[in-house]
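[1] Here you go, sequence then predicted model.
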Amino acid sequence: MTRIITILITFLCVAPCLLRADSVPLDTNALATLAVQDHGRKKPFTTFAHEMLLTLSGKVELPVKNADGSISTLSPEEVILDLWFKPDGWDEKPIIMLNFLELKKKLGLPDDQKLFTYNELINKQPLLDILDEAQKLQQAGQGDSLTALQKEAEHLGERLKLFQDLVNGDKETVVPNPASANARWRSLFSASEGQIKVYTKEEAPLGDCEKVYNEGDIAQFNALIPKAVESLRSGAPQFYPSAASLQFEHQYMVLEPFLWAWVIYLTALIVLMLTALWAKTMGYRLTWALVLVGLGFELWGFFCRIVISGRPPVTDLYETVIWVSFIGMVFAIILEAVYRKRYFFYAGLPAAVLTLIVADSDSTILDSSINPLTAVLRNNMWLTIHVLTIVSSYAAFALTAALGHIALVMSLWGKRYAIAQGEVQFFIYRAMQIGILLLATGTILGGVWANYSWGRFWGWDPKETWALITLLCYLALVHGRLAGWWGGYGLAIGSVVCFLSVMMSWYGVNFILGQNGKSLHSYGLSTGGLSYATGFAAFEILFVAFIIAWNRRQKALQVPPTKKAASAEGFGSSDALPVK
């Protein structure tokens, strides 16, 4: 025992001496106080590095092959600092993402590879030809006629240009401009503009940091960063972000509240399902606790984004996706608190988990970066109310669709779950009422905002048109129920089918119709994601077709031949609910 203690003490004394300088991790808290002006705002270097690596490679960490054949995983800060301070050799490392199969084949690249080196791509003549054709179309005013191949080539060209700017130091705009709060910042050694100080290599605030970083002395680098930040701050102290605000954004990025939210929601769903037959009371209470904790993470995430950006979460598709998850769970919690039937958690939790996973899984389609609003969206109260109301209606309809799936799955067992199925069908109706009210209100408010911004209430813009189509779909579904055209079973089918109109209004206009660039809502449009949207729609259609076919087959087997002609086909069956 004495020998073991002696060896342990000796190891603890000697180990610090054996540590190499480059084994010391980067002090990201210190690095976060270095501000970078990017995309119209000032952000921590850590946030900047995270966003740059995602844009370049679609990854939050980069695997890099070492000289001995081993694989190291570099953090975003390490990658961007390497590109900035010691870029030699990075043009031979796979860092630039290319996923589009047709473009890979055109360039003669492997189909199964996603990351390529700068040198592999920059001199590809087919790529240069495609970019040249796209540029000519843009100059001729025919940008809306670009093919998917040309658009993907343009995106690749943007990533190559970003790589060049990072290596040249042009992207790292860290020198503040004392002219005004919104004046353009400069990189360390860029040409003089206005009152911005131009640094020589010897006097640059980050010169010593670069030297020790290249030497691998990370401990010394960590110690020098605060001094360099203060030197930069002195150039325009009135416009340089405070260390507290930069640290606040850094901690938001490190915490990843929306990732934790879906992890906790998934845990709550598992607990709810595992305790469906035993320990129901304890499991139900634990589910409630987990749901509230998950909602708390989402609340904190939205609070952080609002504080950082200084605006409501209405600027892009990513924020609408996480808003749908949040409001969907709010509706589920309220309705579950009223009815205490578990069904709202069974419906709301999977919808929230799926939505947040989608938001978290593909940064090239749903960009989580916090960017300032475009000019047309600024200082507009009607915009905030309109967008949040419309997107909240999507959350209610997502809840109805999830409840519809539950009711339709129950129908596979015939009358075994008849009472429970009737309850779920009624809950679909209740949630659908909320969605219709919100969508109708949001559409009217959209007209008020359109008049405020563009001088007209309605213009048959793709977004406006599909919002109206979606509203009419759900109104027809509810009125059909009131008229007795279909009962609860038909309402359940309609809740799933009509949600495809929400998907078209929410995703399709952005991903498909948005590619022509003709919408006045172009600030919210994007490209990509077509395979996800079409795959979801195909699954839903096949699911509903299977349910209808199964139930008709079961009725055909159960009903005597003499009564087949008089039997209901499902949509007007006896499961109709009383109008409430």
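    Structure received. Numbering: from 1, shown residues only.

[2] Tell me which helix or strand Thr55 sits in.
    Assessed by DSSP states H and E, Thr55 sits inside helix 45-57.

[3] Give me the contact list for the helix or strand following that helix.
    Next along the chain after helix 45-57, taking DSSP H and E as the criterion, comes strand 62-65. Strand 62-65 has contacts (CB atoms under 8 Å, 6 or more residues apart in numbering) with 53, 71-74, 76, 79, 93, 95. For the C-beta atoms, the positions are set from N, CA and C on the backbone; glycine is no exception.

[4] show me where pLDDT drops low in this protein?
    Residue ranges of the chain with pLDDT under 70: 1-23, 143-144, 189-204, 362-365, 373-380, 511-529, 559-580.

[5] Let's see that with 50 instead.
    Along the chain, the model assigns pLDDT under 50 to residues 1-22, 191-193, 515-517, 523-525, 563-580.

[6] show me what contacts the most centrally placed residue in it?
    By CA atoms, centre = their mean, the chain has its centre lying nearest to Ala359, at 3.0 Å. When contacts are counted by CB under 8 Å, 6+ apart, Ala359 is found next to 258, 318, 321-322, 325, 366, 368.

[7] Which of those residues has the largest number of neighbours?
    Among those, the one with the most neighbours (other CB atoms under 10 Å) is Ser325, at 28 neighbours.

[8] and that one, what element?
    Assessed by DSSP H and E, Ser325 sits inside helix 317-339.

[9] Could you tell me the angle between the following helix or strand past that helix and helix 317-339?
    Using DSSP H and E, the helix or strand that directly follows helix 317-339 along the chain is helix 343-361. Interaxial angle, helix 343-361 versus helix 317-339 (axes from the mean of the first three to the mean of the last three CA atoms, to 10 degrees): 170 degrees.

[10] list the buried ones in helix 343-361?
    343-360 (16 or more other CB atoms under 10 Å).

[11] Need the max-distance pair from the contacts of Ala359.
    Ser325 and Ser368 (13.3 Å; CB to CB).

[12] so Pro313 sits in a helix?
    No: looking at Pro313 with DSSP: H, G, I helix; E, B strand; the rest coil, it is coil, so not inside a helix.

[13] next one: phi and psi at it?
    phi -80, psi 80 (degrees, to the nearest 10).

[14] So which of the contacts of Ala359 is the closest to Phe536?
    Out of the contacts of Ala359, the member with the shortest distance to Phe536 (by CB to CB) is Val321, at 13.3 Å.

[15] Now do the same contact list for the closest one.
    Taking CB under 8 Å, 6+ apart, we find Val321 in contact with 355-356, 358-359, 366.

[16] measure the spatially closest residue to Leu286 that is not a sequence neighbour to Arg285 for me?
    Once flanking residues are discounted, Leu286 sits nearest to Val271: 5.4 Å by CB to CB, 6 or more residues apart in numbering. Using CB to CB, to the nearest Å, one gets 10 Å for the distance from Val271 to Arg285.

[17] So for those two, which sits in the more crowded spot?
    More neighbours surround Val271 than the other of Val271 and Arg285, with 22 against 13 (other CB under 10 Å).

[18] So what's the gap between the helix or strand where Asp82 lies and the chain middle?
    Following DSSP H and E, the helix or strand that holds Asp82 is helix 76-85. Chain-centre distance of helix 76-85: 25 Å, with CA atoms, centre = their mean, to the nearest Å.

[19] With only the CA atoms kept, save that helix in CSV.
    Taking Å, rounded to 0.1, in the frame of the first residue of the first chain, the C-alpha atoms of helix 76-85 are listed here in CSV:
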residue,chain,number,x,y,z
PRO,A,76,-13.7,25.4,-34.4
GLU,A,77,-11.4,27.8,-32.6
GLU,A,78,-8.4,25.7,-33.4
VAL,A,79,-9.3,25.4,-37.1
ILE,A,80,-9.9,29.1,-37.6
LEU,A,81,-6.9,30.1,-35.6
ASP,A,82,-4.8,27.7,-37.7
LEU,A,83,-6.2,29.2,-40.9
TRP,A,84,-5.5,32.7,-39.7
PHE,A,85,-2.1,32.3,-38.0
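
[20] In stretch 540-553, which of the residues would be classed as buried?
    So stretch 540-553, judged by 16+ other CB under 10 Å, has buried residues 540, 544, 547-548, 551.

[21] Closest to Asn451 out of those residues?
    Glu540 (35.8 Å).
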